[in-house]
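> quick one: sequence and predicted model below, then my questions.
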Amino acid sequence: MNQIILSIQSCVSYGHVGNSAVTFPLQRLGVQVWPIHTVLFSNHTGYGQWRGKVIDVEGVREVFLGIKDRGVLKNCDALLSGYMGSKELGNVMIEAINELRKVRPETLYCCDPVMGDIGRGFFVKEGIPEFFKEEMIQYADIITPNHFELEYLSDQKFDSIEGAIEAAQKVMQKGPKVVVITSLLLKETKETNINMLVISENSVYIATTPYISTTLNGTGDITSALFTHFYLKFDKNIAQALEATISRVYAIIQETYQASSKELLLVQAQDSLINPNQLFKAKKINF
């Protein structure tokens, strides 16, 4: 049976972030996606100008409850969430995962704690980082922070694999079973490589790709979505999920970079979702 993933995220008409970044890639891989939009914007806010509207929290809740009314929540395999414009929206996410788990206790929740990045600092509303740290992550099975976000969630800086593992384990004490560090910057290789590190209770794996000098919106959204899909597909094998995810994300970024595009070329790179041209292997870390 095909996977079904409920994704509560933003939506843009031009470009690919939030639901506009994850829906097509997941569908191309055979996943049924139930997208609930939190904003309807012309483009992502990185341009400095955009038009459209934020969907009020009650509107988001109503769409979820409408899906619940169809009696289909029991078919949902996972909930996916990303950027949040308010703490109130975060409470809707918590309500959603609680409702899903009432009818299917094993429903997976992947929370991408979007807050900020190295060089940019925090770019979300005041109170959101604290909400992620103190409330949201305790409901999540998987969290997918970048380097900056994990440092905040764990209250500790790190530039080594050992430090990253220690920080992840500290956060896992609050609830998450798996931490995916989507862009681990190691002191010795941060100019040449990007590392993705996955930590579970029993094992740690790292995969490394060459560094591509470009800044693109939506790559974190795709990473979270693909990892969730492959984690389920491969029966929670984090090594296989990591390899499948990083190989596809790298292929999409590479094709986008080669075309000098400011927006991810998801349609043009869709064959890479099925057969990425380069497979990056996960290496087991003993700890």
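Sure, I can see it. Numbers count the residues shown, from 1 in each chain.
> show me the shaky parts of the stretch 1-150 of the chain.
1 (pLDDT under 70).
> next SSE downstream of the helix ranked longest in the chain?
For the chain, the helix that runs over the most residues, judged by DSSP state H, is helix 238-258. Later in the chain than helix 238-258, the nearest helix or strand by DSSP states H and E is helix 270-274.
> helix or strand right after that following helix?
Past helix 270-274, the next helix or strand by DSSP H and E is strand 283-285.
> about what we covered before: and the longest helix of the chain, what does it pack against?
strand 193-200, strand 204-210, helix 219-233, helix 270-274 (3 or more CB pairs under 8 Å, 6 or more residues apart in numbering; DSSP states H and E). For glycine as for every other residue, the C-beta is placed from the backbone atoms N, C-alpha and C.
> JSON lines please, covering these and showing mean pLDDT, mean neighbour count and distance to residue 55.
Listed next are the helices and strands packed on helix 238-258 as JSON lines, based on pLDDT from 0 to 100; neighbours: other CB atoms under 10 Å; distance: least, CB to CB, whole Å:
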{"stretch": "strand 193-200", "mean pLDDT": "94", "mean neighbour count": "22", "distance to residue 55": "31"}
{"stretch": "strand 204-210", "mean pLDDT": "96", "mean neighbour count": "19", "distance to residue 55": "35"}
{"stretch": "helix 219-233", "mean pLDDT": "97", "mean neighbour count": "24", "distance to residue 55": "17"}
{"stretch": "helix 270-274", "mean pLDDT": "96", "mean neighbour count": "16", "distance to residue 55": "28"}
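> please work out which residues outside stretch 27-35 touch it.
When contacts are defined by CB atoms under 8 Å, 6 or more residues apart in numbering, stretch 27-35 is touched by residues 2-7, 9, 11, 19, 22-23, 26, 67, 76, 226, 229, 270, 273-274.
> what sits against the most centrally placed residue in the chain?
Geometric centre of the chain, nearest residue: residue 224, 2.6 Å, by CA atoms, centre = their mean. When contacts are counted by CB under 8 Å, 6+ apart, residue 224 is found next to 22, 80, 82, 110, 112, 142, 144, 180, 182.
> and with 6 Å instead?
Neighbour list for residue 224: 110, 112, 144 [criterion: CB atoms under 6 Å, 6 or more residues apart in numbering].
> and the gap between it and residue 143?
9 Å (CB to CB, to the nearest Å).
> one more: residue 57?
22 Å.
> of the two, which one has the most company?
residue 143 (28 against 17; other CB atoms under 10 Å).
> could you give the average pLDDT over stretch 249-260?
The pLDDT scores in stretch 249-260 average 96.
> and it, how far from the chain's centre?
On the basis of CA atoms, centre = their mean, to the nearest Å, stretch 249-260 sits 19 Å off its chain's mean C-alpha point.
> buried residues, that stretch. List them.
249, 250, 251, 252, 253, 254, 255, 256 (16 or more other CB atoms under 10 Å).
> alright, I will stop here.
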